[in-house]
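Chemist: Just need the structure, nothing else, for what follows:
(chains A and B)
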Amino acid sequence: MNNKEFDNILNECLERLLVEGESLEQCLARYPEQAAELKPLLETALAAREASAIQPRPDFRARARYEFNSALKETAAVRSRTSWGWFPRWATVAAVVLVLVLAGGGTFAAADSSMPDSPLYSVKLATEQVRLTLTPSQMGKAGLYAQLADRRVAEIAYMANKGDTRQVELITQRLDRHLALLTVAVLAQRGDEAPVLMAPPEEAGAPPETTPPATYEPPPSTTEALPGPELAPQPGKDWGGSGDSARNVNQAQLRDTLLSDAARNQSVLQQALDEGPESTREALRRALAVSEDGYEEALEALE
Amino acid sequence: MQDEESLVRRAQEHDQEAFARIYEEYFDKIYRYITLKIGDAVEAEDLTQQVFLNSLRSISSFRWRGKPFSAWLYRIAHNQVVDYLRKKKKVTVPLEETLVSGSDNPQQSAERKLDIEQVLSAARHLTGAQREVISLRFTSDLSIAQVAEVMGKSQGAVKALQHSGIVALRRALSVTQNE
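Modeler: Numbers count the residues shown, from 1 in each chain, chains lettered A, B, ... in the order given. Sure, this is the predicted structure:
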């Protein structure tokens, strides 16, 4: 028997074992001549199958679902109410945090400046999500994502200084996401002006690289931005206006801000790289690359 | 998934419910695929999230040309992993905070977690292509035909990789268990 024939028999046994639910003995009985060779391989396949029991942590699953749904709402044209029933726990949490934020309080002020090694950091992240939810306009969201990116860079530098490579890596992933969503918001805002966005001239059906172009038709934005108290836009940073002229001005302001942010944050990360512990340098180089690529992509979207 | 083509078309038309269903269908599978590929269950979380954000941003570019939607989605995941590994150039392990499904019995859960850790550790001894096949076949439940679509290889080549991958995994597992 050649290798190809054996590969086929092995595959058939795997299908019977893993898909059709046959027992190992039943599979082996079908191929008595190959049973001795098949048995250890099928046992190994069953062991590998154990890895299918890996499940995401519930808190990650909830956070990911919430953030994905936020991105979905930013890009979708159809307003489906059913999606709200999709993450009731997070909606409840968001509502509770919202009430507390609007009520003010020292905890939230403290959380707002907390760093990832603080117990209040999760409150800070939850509060940011609420503020994003409260900001309906795409330019408002873009401005908020720019501010969140700023925060993440400061946190990366802080954790690098403490030598916490793992946190630097995790926050870098968040920075990457914020900058990607910033670009999504900018493209969606542009979609308000030009409802039909052409598909890119790439091979039909080809999967995107890790930072693909957006080709959706984003929803119209009809309301003003409503930023939260701590993350309220600074003078000259009110990106939530409506109307063509206001939008052009806002886009220009956002572009200037991003140019400034990109330069400053590259400088902050470079300084952390130069002065931080050796153990964090590889992670910081990655953060630098993420920052550079992310701002570049967002600025291109604003062109 | 029932009538996946219809669901994907609705998602391309920005139907939130359709995209939510796709997300729910594939989220755990993509997570497991990435976890086995990079050997780090925590870092796999952010990569998984990024895969779905990327798919959301680019779903309009997907075209039905005889290939399943899953092939397109796993390709995004593959690109994400390649990008991650290129930047990181090393892999770490921990599975401490990750849960395993299927048992309320703490002892069974602990034993299963140990088994999974051994599989993840052993998988690092496989070649990239072998690991890809093992991951897609045994943690994401794709058929040989689907794996071939995802990897852009013939079904015969995938079967050969499946065979050599299981042999390599067995060898690595026996080493791990003897340590």
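Chemist: Quick one: the helices in chain B, in order.
Modeler: Remark: helices assigned in chain B by DSSP state H are B:4-12, B:16-38, B:43-58, B:69-88, B:106-123, B:128-138, B:144-151, B:155-178.
Chemist: weakest of those by average pLDDT?
Modeler: Lowest mean pLDDT within those: helix B:106-123, at a mean of 69.
Chemist: who's in contact with the residue nearest the centre of chain B?
Modeler: By CA atoms, centre = their mean, chain B has its centre lying nearest to B:Y33, at 1.5 Å. B:Y33 makes contacts with B:74, B:77, B:135-136, B:139-140, as judged by CB atoms under 8 Å, 6 or more residues apart in numbering or on different chains. Every C-beta, even on glycine, is put in place using the N, C-alpha and C of the backbone.
Chemist: which of these are buried?
Modeler: In terms of neighbour count (16 or more other CB atoms under 10 Å in any protein chain shown), the buried residues within these are B:74, B:77, B:135-136, B:139-140.
Chemist: Let me know the closest of those residues to B:V8.
Modeler: Lowest distance from B:V8 to the buried ones among the contacts of B:Y33 (CB to CB) belongs to B:Y74, with 14.2 Å.
Chemist: dump the residue contacts of that closest one.
Modeler: With CB under 8 Å, 6+ apart as the criterion, the residues that contact B:Y74 are B:30, B:33, B:136, B:140, B:142, B:150.
Chemist: Return the member of the residues you listed nearest to chain A.
Modeler: Using CB to the nearest CB, B:S140 is the member of the contacts of B:Y74 that sits closest to chain A, with 8.0 Å.
Chemist: ok, and the closest non-adjacent residue to B:L36?
Modeler: B:S135 (4.1 Å; CB to CB, 6 or more residues apart in numbering or on different chains).
Chemist: That neighbour and A:R255: what is the separation?
Modeler: With distances taken as CB to CB, to the nearest Å, B:S135 is found 42 Å from A:R255.
Chemist: next one: A:E297
Modeler: Using CB to CB, A:E297 is found at 13 Å from A:R255.
Chemist: just to revisit the earlier point, could you point out which of the helices of chain B sits nearest A:D59?
Modeler: helix B:43-58 (10.0 Å).
Chemist: tell me which residues in that closest one are buried?
Modeler: Those would be B:43-58, for helix B:43-58 by 16+ other CB under 10 Å.
Chemist: try stretch B:58-67
Modeler: Neighbour counts over stretch B:58-67 (16+ other CB under 10 Å) mark B:58-62, B:67 as buried.
Chemist: give me the subset of the residues you listed touching chain A.
Modeler: When those are filtered against chain A using CB under 8 Å from any CB of the partner chain, the residues retained are B:58-62, B:67.
Chemist: now, the most widely separated pair of those?
Modeler: For these, the farthest-apart pair by CB to CB is B:S60 and B:K67; their separation is 16.5 Å.
Chemist: care to break chain B down by domain?
Modeler: Per automatic domain parsing, the domain ranges recorded for chain B read B:1-89, B:104-179.
Chemist: May I see these organised as a markdown table, with distance to A:E67 added?
Modeler: Listed next are these as a markdown table, based on distance: least, CB to CB, whole Å:
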| stretch | distance to A:E67 |
| --- | --- |
| domain B:1-89 | 7 |
| domain B:104-179 | 23 |
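Chemist: and the residue lying closest to A:Q34 once chain neighbours are set aside, backbone torsions?
Modeler: Take A:Q34 and drop its neighbours on the chain: the residue closest to it by CB to CB, 6+ apart is A:I9, 5.8 Å away. When quoted as degrees, to the nearest 10, the phi and psi of A:I9 stand at phi -70, psi -40.
Chemist: what's the answer for A:D117, then?
Modeler: The main-chain torsion angles of A:D117 are listed as degrees, to the nearest 10 and equal phi -90, psi 10.
Chemist: before we move on, the earlier item: which residues are in contact with the residue nearest to A:Q34?
Modeler: Applying CB under 8 Å, 6+ apart, the residues near A:I9 are A:31, A:34, A:38.
Chemist: burial of the first one, as a residue count?
Modeler: I take that to be A:Y31. When counting by other CB atoms under 10 Å in any protein chain shown, one arrives at 15 neighbours for A:Y31.
Chemist: Need the winner for burial among the domains of chain B.
Modeler: With neighbours taken as mean count of other CB atoms under 10 Å in any protein chain shown, the domains of chain B reach their highest mean count in domain B:1-89, at a mean of 20.
Chemist: worst-scoring helix or strand of chain A, pLDDT-wise?
Modeler: helix A:88-103 (a mean of 59; mean pLDDT, DSSP states H and E).
Chemist: Flag the shaky bits of the stretch 1-150 of chain A, pLDDT-wise.
Modeler: Counting by pLDDT under 70, the low-confidence segments of the stretch 1-150 of chain A come to A:1, A:75-109.
Chemist: So which residues of it form strands?
Modeler: For the stretch 1-150 of chain A, applying DSSP state E, counting those that start in this stretch gives strands covering A:54-55.
Chemist: domain parsing for chain A?
Modeler: A:56-70+A:77-133, A:136-199+A:212-303.
Chemist: which element is the closest residue to A:K141 other than its chain neighbours on?
Modeler: Distances taken as CB to CB, 6+ apart put A:A185 closest to A:K141, at 4.3 Å, once the chain neighbours are dropped. Secondary structure assignment for A:A185, by DSSP states H and E: helix A:165-193.
Chemist: rewinding a little: now render the contacts of B:Y33 as CSV, adding distance to A:L125.
Modeler: Listed next are the contacts of B:Y33 as CSV, based on distance: CB to CB, whole Å:
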residue, distance to A:L125
B:Y74, 29
B:A77, 25
B:S135, 30
B:L136, 33
B:T139, 29
B:S140, 30
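Chemist: so which of those residues comes closest to A:E50?
Modeler: Proximity of these to A:E50 (CB to CB) peaks at B:T139, which lies at 9.2 Å.
Chemist: List the residues that contact that closest one.
Modeler: Each residue near B:T139 by CB under 8 Å, 6+ apart is listed here: A:48-49, A:51-52, A:54, B:29, B:32-33, B:35-36.
Chemist: will you turn those residues into a markdown table that also has distance to A:L134?
Modeler: Output for these, formatted as a markdown table (distance: CB to CB, whole Å):
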| residue | distance to A:L134 |
| --- | --- |
| A:A48 | 46 |
| A:R49 | 45 |
| A:A51 | 41 |
| A:S52 | 39 |
| A:I54 | 35 |
| B:K29 | 33 |
| B:R32 | 35 |
| B:Y33 | 35 |
| B:T35 | 34 |
| B:L36 | 39 |
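Chemist: ranges for the helices of chain A?
Modeler: Ranges of helices within chain A are A:3-14, A:24-30, A:35-49, A:58-75, A:88-103, A:106-112, A:121-133, A:138-161, A:165-193, A:244-275, A:281-302, based on DSSP H.
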